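1. coords please:
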Amino acid sequence: MPIPYNKPFITGQEFENIKQAIARRHLSGNGYFTNLCHIFFQEKYGFGKCLLTTSCTDALEMAAILCGIQPEDEIIMPSFTFVSTANAFVLRGAKIVFADSSADHPNIDETRLPELLSPKTKPIVVVHYAGMSCNMEAIINFARLNNLIVIEDAAQAVDNFYIDKNGVKKPIGTFGHFAAFSFHESKNIQCAEGGMLVVNDKAFYDRAEIIWEKGTNRAAFFRGEVDKYSWVDVGSSFLPSEITAAFLFAQLSSLQNIQDKRKLLWDIYFKELKALEEQFKIQIPRQPLHSDNNAHIFYIVCKSIEERTALMLFLKTRLIESMFHYVSLHTSSFYLSYNKNIKLPNAERFSDCLLRLPLFPDLSETDVILIASKVKQFYE
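-> Next up, the predicted model:
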């Protein structure tokens, strides 16, 4: 049987939750299951105000509005990321200042931030690639020193933690003024299409809810805080339906089982492929000392784009689907149509050489050992 790159995991409880949502006759957003999801994240991880959205893209666009982005404001972010990270701010007229990845990990190289800073810089957007935490203490200290907003693109980082020098863990998504999560079907926890904005700065709580509710104070009205609701700010239709929230809550109810299985499979990959790294044939994921692991992606880094292409074809002919990841945004035709060509060698290397291997809860341990064996066979 072919092995796909991803297969969305279904717990079985999704169907019962959806039936219950239908029986409640509240199918639009911000109902019973939406509230359960918000409470889950706030209580489990200590997040600030949580607002489910129809996508992580929507959550990032809300963050851009809340930051008060104006034309010509500058935003520092990594180039090695999905286009939504940049688009959310480009839509507000901002100028994107791309940062390189670290040499040993696709995450942003925080040591290069000072040289990217200008009087026009407003927020820093960091992306926790493969769910692994960026160096948040260094980033937060830099942001405070320069009075900058911090936004965490935590699309891949649900249920992962930053580890400080004393070994204390703090959830990813609790550092920035804002954090955006994805529940796309390719993520650890999924509802086909979905996301969430976390607002950790209380100064933004009220406005975030208004923007979320199409620029109205509708949520306050339904809580009995105002006698009618009206248009009070900009906003859009960022809420997912109760059907989506019901599906998501079923996944959250099985979070530990999902994560345990993913981590088991990730560890098998690591054990099986470590020898290839020791032979200097590939690079396997580096888990930074400051990051825990939520087993979102297992990737290898080949030596060249030609080698990666050959390996992908080798696996495909053996019915194993693998995927490369982002084409660095600073090399995109859209960016280059407005900006000068820049060189970010680490990001470019990951764009050319990084290959993602199948990883999802329905994958068996035997499957992972087989995939690893085929990778080893290619290099033999």
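
2. show me what contacts Val158?
-> 131, 181, 183, 187-189, 294 (C-beta atoms under 8 Å, 6 or more residues apart in numbering). C-beta here means a position set from N, CA and C on the backbone, and glycine is covered the same way.

3. return the helix or strand in the chain with minimum mean pLDDT.
-> Least confident helix or strand, the chain: helix 218-222 with a mean of 84, by mean pLDDT, DSSP states H and E.

4. alpha carbons of it, as PDB, please.
-> The C-alpha coordinates for helix 218-222 follow below in PDB (Å, rounded to 0.1, in the frame of the first residue of the first chain):
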ATOM      1  CA  ARG A 218     -21.800  41.600  19.200                       C
ATOM      2  CA  ALA A 219     -20.100  39.400  21.800                       C
ATOM      3  CA  ALA A 220     -20.600  42.100  24.500                       C
ATOM      4  CA  PHE A 221     -24.200  42.300  23.500                       C
ATOM      5  CA  PHE A 222     -24.800  38.600  24.000                       C
END
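
5. tell me what that helix is packed against?
-> On a contact count with 3 or more C-beta pairs under 8 Å, 6 or more residues apart in numbering; DSSP states H and E, helix 218-222 meets helix 205-212.

6. helix, strand or coil for the residue located most distally from the centre of the chain?
-> Farthest-out residue of the chain from its mean C-alpha position, per C-alpha atoms, centre = their mean: Asp227, at 38.4 Å. Recorded secondary structure, Asp227: coil (DSSP: H, G, I helix; E, B strand; the rest coil).

7. nearest residue to it other than its sequence neighbours?
-> Phe221 (7.7 Å; C-beta to C-beta, 6 or more residues apart in numbering).

8. mind listing what the lengthiest strand in the chain pairs with, with the direction of each?
-> In the chain, assigned by DSSP state E, the strand with the most residues is strand 121-127. Note on strand 121-127: by DSSP bridges, its sheet partners are strand 74-78 (parallel), strand 149-153 (parallel).

9. tell me the first helix or strand C-terminal of that strand.
-> Heading C-terminal from strand 121-127, the first helix or strand you meet, by DSSP states H and E, is helix 136-145.

10. buried sites along that following helix?
-> 136, 139-140, 142-143 (16 or more other C-beta atoms under 10 Å).

11. now, which of those sits nearest Ile369?
-> Met136 (34.8 Å; C-beta to C-beta).

12. show me what contacts the residue nearest to Asp227?
-> By C-beta under 8 Å, 6+ apart, the neighbours of Phe221 are 227-229.

13. for Ala245, same thing?
-> 21, 29, 31, 33-34, 36-37, 52, 191.

14. tell me how far the closest residue to Ala220 other than its chain neighbours lies from Val127.
-> The shortest distance from Ala220 to any non-neighbouring residue, by C-beta to C-beta, 6+ apart, is to Val226 (5.1 Å). As judged by C-beta to C-beta, to the nearest Å, Val226 and Val127 stand 38 Å apart.

15. quick one, which of these two is more surrounded?
-> Per other C-beta atoms under 10 Å, whichever of Val226 and Val127 has more neighbours is Val127, with 26 against 14.

16. hmm, the more buried one is touching Val83, no?
-> No - assessed by C-beta atoms under 8 Å, Val127 is found out of contact with Val83, at 11.9 Å.

17. show me the contact partners of the lengthiest helix in the chain.
-> Scanning the chain for the helix with the most residues, using DSSP state H, yields helix 255-278. Helix 255-278 is contacted by residues 9, 11, 159, 188-189, 251, 282-285, 293-296, 298, 300, 357, 359-361, 363, 365, 368-369, 371-373, 375-376, 379 when judged by C-beta under 8 Å, 6+ apart.

18. roughly how far does Asn35 sit from Ala219?
-> On the measure of C-beta to C-beta, Asn35 and Ala219 end up 11 Å apart.

19. which of those two has more residues huddled nearby?
-> Taking neighbours as other C-beta under 10 Å, Asn35 and Ala219 compare with Ala219 leading, 18 against 15.

20. so who does that one touch?
-> Going by C-beta under 8 Å, 6+ apart, Ala219 touches 30, 209-210, 212-213.

21. can you map out the strands along the stretch 251-380 of the chain?
-> 298-301, 323-324, 354-357 (DSSP state E, counting those that start in this stretch).
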